[in-house]
Every structure is written in structure tokens, then in C-alpha cells.
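**Q** Below is the sequence, then the predicted model.
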Amino acid sequence: MHEEPYTQALLDLALREAGGRRIVAIRLGVGQFSAIVAGAVEVFFRHLSAGTPAQGARLVFETVPLELTCTACGRTSGLDGGPDAPVRPALAAALRRGCPCGGARLTITGGLGFDLLGLTVEGGDS
Amino acid sequence: MRQRRGPWEPRQAMEIIEIRKSITAANDIRADALRRRFARQGLVVLNLIASPGAGKTALLEQTIQRLGATLAIKVVEGDPYTPLDSERVTRAGAENVQINTEGGCHLDAHMVEQALVRLNLAQTDLLVIENVGNLLCPAAWDLGQDLTVVVASLTEGADKPLKYPEAFTRAQVLVINKIDLEPYLPVTVAELRANALTVNPELAVFEVSCLRGDGLDAWCRWVRERVAAKPRPGAG
């Protein structure tokens, strides 16, 4: 249910960017902590895109890792354990540990969003 | 004779377009238009988010009862179903409109736009948009608010900021509700506050009990200050 409005929004955005051309593939950046389930997006996309130039387009999901930024020194860091490690304990540990600069204040600056990265369209014009 | 092609074979040259836009880009544009409109009207707009039962509506009722005599407060109520919260806000004394999302888990800028057709914002100081009870996606959909206020009640446990970082990262204000229950719970207000500030060090935090009234004076003072600080459109 939760993915339905996101899928409609991604479809609308993709159709607008494609300018009427047939969309073959849609590249999506899914934040590691975005609460978006790729399989649910696929299901909604199949239904919502029916009859549009995006019907049958392949969805390519890329995980965007969580990024932490130190509010004191500006250094960015990720989480230990790579993109497949369970996020919550790693995030809690990283936030509590703070930045090596000694400033304990880290804030989440990446990996929360859901982005349209790019499209593959049929080159219809000229 | 037409050549037969499989669906995997391109019919014509492909073009790859780089986009890199948030999926919510269209919503963000609508929300910015709302924000400009609210600014022209000199309104302070709060987007109130929380899980179901945290006390969003209770905080609203208390705010309306305490500030309603001196501030003109209007409310947009978001719920999946029923006008129950709208009725509570009406009883508390604020003009409001109810949005029923019919199962949808958050409000978006378009829904707010539509709701405002039914709400007269002239002579209004404060508009509170009470989002659907949910800590996941309401934070991601901009409604044109000045500030996002997240309500977390102590009965939910102290770990919600770590489990739902987006809501706490995108909010500017945290209201910790139900602090009167602390003696009966295995969690403390201090733990919840510390976890929230870990995720977002910039949060302004209020500790309240909407049932008993603790902390509401400080919260209401803050609301009044926000309204006083908001630039007003030229008089006349």
C-alpha cells in the first residue's frame, strides 16, 4: 500500500521526462533507509503503467547507501557492514560513536530518499 | 516483409537520459507554491506527524484551548477514514477540514491544496496540518509547511528515532508526549530525548503531558513566538 503513491509519482515523473517517447527502462535509486520495497514498486508499476508509454518498462533498482555527515567537521561516512547489513543496529552504533574528529554530532545526509536516476527511451525524434 | 522481432530487441535507437530527481519532485513543486501562498498570507504552518496514538490530536486540542482566544488557528485533519478527529478539533474550537485518504498513508501537497478550497485562511495566524498517523512516509512529502513537528509518546518506547530516522531527521521540533506515564514505563524521557538528538542534533524538544498539562505552557509560548516572528503581508 505504502509504495503505491511513490510508484504513481515515479511514473508521472518518468512520463514527463520522456516527453511522449516509449520508456524501455527506468533506473531508480532506493535509499538504504527509504522504507521502499522494490518488489512492491514492481507490482504497482505493472498496474499503473498499463496503457502508458512506460508500459513494460524494466525497473532497475540501485541501493543508495546511508550517508552520515559530521555537523562539526563536514566529513562524510557510511555504515559498517556494507549495503546488505541490517541498518538499524549499525546506524545506532555509528550515531552514538560520533565522528573521529571528536564532534559527536553526525546527521543523516543520504540514503533516505527515493530517486529517479535515469531513463532509457526509444529515440523517436528526428 | 516485416521482420519478426523479440520484445528484447530494440525497434529503434535507444537514448539514455540522466535525471537524478527525487520521486517526490512534482509534489515538491506544488508544496513550494503552497509555501509561497502561506507566506503571502503571513501564516505559520505546522506539519504534525507521529505514529497513531502518539497524541497529535490531543496536542492540537490543548493548543487550541490555550491559544484559541488570542490566535486564529485553523486545522487540516488527515486520516485514512472517519471524521472523528475533525469533530474533536471542532469541539476544541478551531475551524477545520478533514481529508480522508481512504487508506493512503500520508498527505501530499495536492490533497492539502484541495482541502484549502474548503477552508477560509483569511485572518488566520496558524495553520496546523495533522498528517496521517504514520512515522514512515509523511516526512518525505512536503506540504508547504514552515516547520515539521514530530510527536513521540513515551509509551512507544525510546528507540523510535533510531528505527524511523527519516521522520526525526526531517523534523525541526520534537514533542515528547505522555511524560506523566514515565513512572510506570521501562523507558525514560531522557532516553527518548537522547536518541532523537542523536539522529537530529538540531531538534527543538518539548516534554509534555497532554492529559495532565505538563510542559504545555512552554510549547504554547514557542508557538506564539513563531507566529509573532512571522513576517506579515503589508497592512491595508
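**A** In hand now; what should we look at?

**Q** Can the longest strand anywhere in chain B be said to contact chain A?
**A** Ordering each strand of chain B by length in residues (DSSP state E) puts strand B:14-22 first. Yes - under the criterion of C-beta under 8 Å from any C-beta of the partner chain, chain A is reached by strand B:14-22 at B:14, B:15, B:16, B:17, B:18, B:19, B:20, B:21, B:22. C-betas here are computed from N, CA, C, even on glycine.

**Q** Show me the two of those that sit farthest apart.
**A** The distance between the two most remote of the residues of strand B:14-22 next to chain A (C-beta to C-beta) is 24.8 Å, for B:14 and B:22.

**Q** quick one: which of the two has more around it?
**A** In terms of neighbours (other C-beta atoms under 10 Å in any protein chain shown), residue B:22 is the more surrounded of residue B:14 and residue B:22; the figures are 18 against 14.

**Q** what pLDDT does that one get?
**A** Confidence at residue B:22, expressed as pLDDT, is 94.

**Q** Who are the contact partners of it?
**A** With contact set as C-beta atoms under 8 Å, 6 or more residues apart in numbering or on different chains, residue B:22 has these partners: A:113, A:114, A:115, A:116, B:28.

**Q** now do residue B:70
**A** Contacts for residue B:70 were tallied using C-beta under 8 Å, 6+ apart; they are residue B:224.

**Q** switch to 10 Å and redo it
**A** By C-beta atoms under 10 Å, 6 or more residues apart in numbering or on different chains, residue B:70 lies in contact with B:125, B:220, B:224, B:227.

**Q** Just the pLDDT for the last one.
**A** Pointing back at residue B:227 there. Residue B:227 is assigned a predicted lDDT (pLDDT) of 97.

**Q** Is any residue of stretch B:87-105 near chain A?
**A** Yes - judged by C-beta under 10 Å from any C-beta of the partner chain, stretch B:87-105 comes into contact with chain A at B:101, B:103, B:104, B:105.

**Q** for the least confident helix or strand in chain A by mean pLDDT, packing partners?
**A** Ranked by mean pLDDT, DSSP states H and E, the weakest helix or strand in chain A is helix A:87-97, scoring a mean of 76. Contacts defined by 3 or more C-beta pairs under 10 Å, 6 or more residues apart in numbering or on different chains; DSSP states H and E place helix A:87-97 against strand A:67-70, strand A:106-110, helix B:160-163, helix B:165-170, helix B:189-199.

**Q** and the residues of strand B:14-22 next to chain A, which are buried?
**A** Among those, those classed as buried by 16 or more other C-beta atoms under 10 Å in any protein chain shown are B:17, B:19, B:21, B:22.

**Q** Tabulate the residues you listed (a markdown table), appending distance to residue B:200.
**A** Putting these into a markdown table (distance: C-beta to C-beta, whole Å) gives the following:
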| residue | distance to residue B:200 |
| --- | --- |
| B:17 | 35 |
| B:19 | 29 |
| B:21 | 25 |
| B:22 | 20 |
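
**Q** now the longest strand of chain B, how far from the centre of its chain.
**A** Its chain's C-alpha centre and that of strand B:14-22 lie 31 Å apart, by C-alpha atoms, centre = their mean, to the nearest Å.

**Q** domains of chain A?
**A** Split into domains by automatic domain parsing, chain A comes to A:3-65+A:111-121, A:67-109.

**Q** Centre of the chain to stretch A:55-75, how far?
**A** For stretch A:55-75, the distance to the chain centre is 6 Å (C-alpha atoms, centre = their mean).

**Q** cool, stretch A:103-119 as well?
**A** Distance of stretch A:103-119 from its chain centroid, counting by C-alpha atoms, centre = their mean, is 9 Å.

**Q** Output it as PDB, nothing but the C-alphas.
**A** Taking C-alpha atoms only, stretch A:103-119 is exported to PDB below (Å, rounded to 0.1, in the frame of the first residue of the first chain):
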ATOM      1  CA  GLY A 103      32.500  16.200  17.400                       C
ATOM      2  CA  ALA A 104      29.800  13.700  18.400                       C
ATOM      3  CA  ARG A 105      27.200  15.200  16.100                       C
ATOM      4  CA  LEU A 106      26.500  13.100  13.000                       C
ATOM      5  CA  THR A 107      23.500  13.700  10.900                       C
ATOM      6  CA  ILE A 108      21.900  11.500   8.100                       C
ATOM      7  CA  THR A 109      22.500  13.200   4.700                       C
ATOM      8  CA  GLY A 110      22.000  10.300   2.300                       C
ATOM      9  CA  GLY A 111      20.200   7.000   1.900                       C
ATOM     10  CA  LEU A 112      16.700   8.200   2.900                       C
ATOM     11  CA  GLY A 113      15.300   9.200  -0.400                       C
ATOM     12  CA  PHE A 114      13.800   7.500  -3.500                       C
ATOM     13  CA  ASP A 115      15.200   9.000  -6.700                       C
ATOM     14  CA  LEU A 116      14.600   8.700 -10.400                       C
ATOM     15  CA  LEU A 117      18.200   8.300 -11.700                       C
ATOM     16  CA  GLY A 118      17.600   7.900 -15.400                       C
ATOM     17  CA  LEU A 119      15.600   6.500 -18.200                       C
END
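
**Q** what's downstream of the longest strand of chain B, the next helix or strand?
**A** Downstream of strand B:14-22, the next assigned helix or strand under DSSP states H and E is helix B:25-41.

**Q** which helices and strands does that next one pack with?
**A** Under the contact criterion of 3+ C-beta pairs under 10 Å, 6+ apart, helix B:25-41 touches helix A:3-18, strand B:14-22, strand B:44-50, helix B:109-116, strand B:126-130.

**Q** Please report how far residue B:168 lies from residue B:141.
**A** Using C-beta to C-beta, to the nearest Å, we find residue B:168 at a distance of 16 Å from residue B:141.

**Q** My guess is residue B:162 contacts residue B:169. True?
**A** No - with contact defined as C-beta atoms under 10 Å, residue B:162 does not reach residue B:169; the gap is 11.2 Å.
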